[in-house]
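Novice: Quick one: sequence and predicted model below, then my questions.
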Amino acid sequence: MRRTISAVPFGVYQGESVYLYTIENIHHSKLKVLSYAATWYDFEVQVDRQPHSLVLHFDNLADYIETPYQVGKTVGRVAGRIGNATFSLNGQTYHLQPNNGRHLLHGGNHGLQTHNFRARFDPDGDTVTLTTTLASADDGFPGDLTVTVSYTLTADDEVQISYHGVTTADTLFNPTCHVYFNLDGQAALINPQQLRINSTKLVHTNHEKVPTGVFYVPSPAYDFREQPTIQSQLDRLIQETGRTEYDDCYVLDHQDEPAGVLATTHGRLLINTDRNGLVVFTANPERTQSYRLGDYHALAVELQTLPDAINHHGFGDVVLRAGQPRTYVNRYQYVSK
């Protein structure tokens, strides 16, 4: 069988048609993406010769528009928080419109997650390319920023997402995909699944989840280097801190690859990036389910340059210069047992 790409309508957003694109490879694995917010809709693999979903998704556009969880969406210009919605660039200070208390989250209320992208693809290819432009007049950042998000499904079941930015003036560029995984399907709990994060330090944040500018070495509850079950770490977390969820940013030094691994009985997902940050967030984005405290149906994994990098030395370079395009790549490969 040859690889194929198909497109079907998925609804209407702000008067524009939204499409669901499906890339299928020779193993019948399928990568599905939406034009709305360049959303990663699903990653379907074969388990015991049956299609099996690895990514939490909704079956209608309204839920994607209404969810506060940014399910599967491309977020930015800048993923995460910018403290006090303020930064300086080239000697000029920019005060943006806060959307998270006093702070700016995921680029604000006019970010990539609010756009319906233009798409192009070769029906016999392996890539869907989605493009939009963020206008400075809309989001307050300097420069009109054209972002191209390319989703590729390889023959060896690797999803590759590239983010290409071109700007008319120096600006900030740190997008990511706010994908939520559950390797056992979204009706199951992620708690028994195993998580490895190849990191020895975390970004310290204040009570408003804004970075303070320092890193710290994790206590055992935050140490995922030995690929423990998520449940065993949640048990440690409540004992150590009283907290019942993870919403934390790990610093990647790329001494060990892959950056992360999520594993279950039938296989594992290898997670890699050219960025220096990996955010994990345990959550239950589906409104229709009822939950017991500490039970989770989804794990968000956000691969990005460290949050609020523009305001902290040593956090990474998120400045995109006019006339100097930049591309980031995140990769997720399914390997069956």
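Specialist: It's in.
Novice: Just the terminal-to-terminal distance for stretch 71-84.
Specialist: Start-to-end span of stretch 71-84 (Cα to Cα, to the nearest Å) is 25 Å.
Novice: likewise stretch 240-257?
Specialist: Taking Cα to Cα, the first and last residues of stretch 240-257 lie 29 Å apart.
Novice: List of residues touching that stretch?
Specialist: Residues from elsewhere that reach stretch 240-257, judged by Cβ atoms under 8 Å, 6 or more residues apart in numbering: 80, 197-203, 205, 209, 211, 215, 219-222, 233-234, 237-238, 259, 272-273, 275-283, 293-294, 296, 306-307. (C-beta placed from N, C-alpha, C; glycine too.)
Novice: In that stretch, which residues are buried?
Specialist: Neighbour-count burial for stretch 240-257, with 16 or more other Cβ atoms under 10 Å as criterion, is recorded at Glu245, Tyr246, Asp248, Cys249, Tyr250, Val251, Leu252.
Novice: Surely Ser136 touches Pro142?
Specialist: Yes: here Ser136 lies in contact with Pro142, judged by Cβ atoms under 8 Å, at a distance of 6.0 Å.
Novice: for the top helix by length along the chain, which positions count as buried?
Specialist: Ranked by residue count under DSSP state H, the longest helix found in the chain is helix 230-240. Within helix 230-240, the residues that count as buried by 16+ other Cβ under 10 Å are Ile230, Gln231, Gln233, Leu234, Arg236, Leu237.
Novice: In contact with the fourth one, which residues are there?
Specialist: Looking back up the chat, that one is Leu234. Under the contact definition (Cβ under 8 Å, 6+ apart), the residues listed for Leu234 are Asn191, Thr244, Tyr246, Thr282, Gly294.
Novice: and which of the residues you listed is nearest to Asn60?
Specialist: Taking Cβ to Cβ as the measure, Thr282 is the one of the contacts of Leu234 closest to Asn60, at 24.5 Å.
Novice: OK, contacts around the closest one?
Specialist: The neighbourhood of Thr282, defined by Cβ under 8 Å, 6+ apart, consists of Ile190, Ile230, Leu234, Glu245, Tyr246, Asp247, Tyr296, Ala298, Leu299, Ala300.
Novice: before we move on, what about Ala169?
Specialist: Residues counted as contacts of Ala169 (Cβ under 8 Å, 6+ apart) are Ser136, Pro142, Gly143, Asp144, Ala322.
Novice: quick revisit: which ones among the contacts of stretch 240-257 are found in helices?
Specialist: Among those, the members falling in helices (DSSP H) are Gln233, Leu234, Leu237, Ile238.
Novice: Report the two of those separated the most.
Specialist: For the ones in helices among the contacts of stretch 240-257, with distances taken as Cβ to Cβ, the pair at the greatest spread is Gln233 and Ile238 (10.0 Å).
Novice: that older thread, which residues are in contact with each of Ser136 and Pro142?
Specialist: Common contact partners of Ser136 and Pro142 (Cβ under 8 Å, 6+ apart): Ala169, Thr171.
Novice: Excluding chain neighbours, what is closest to Val251?
Specialist: Counting by Cβ to Cβ, 6 or more residues apart in numbering, Val251 lies nearest to Lys201, which is 4.8 Å off, once chain neighbours are set aside.
Novice: What is the subsequent helix or strand relative to the longest helix of the chain?
Specialist: Counting by DSSP states H and E, the next helix or strand C-terminal to helix 230-240 is strand 247-251.
Novice: isn't Val78 right next to His103, touching?
Specialist: No: here Val78 does not reach His103: they are 11.3 Å apart, not a contact under Cβ under 8 Å.
Novice: ok, the two, which is more surrounded?
Specialist: Neighbours around Val78 and His103, counted as other Cβ atoms under 10 Å, are more numerous at Val78. The numbers are 31 against 19.
Novice: what bridges to that one?
Specialist: Beta-bridge partners of Val78, counted by DSSP bridges, are Asn174.
Novice: With the one 4 residues further on instead?
Specialist: On the basis of DSSP bridges, Ile82 takes part in beta bridges with Leu104.
Novice: For the stretch 201-337 of the chain, give me the ranges with low pLDDT.
Specialist: When residues are selected by pLDDT under 70, those of the stretch 201-337 of the chain lie in 288-290.
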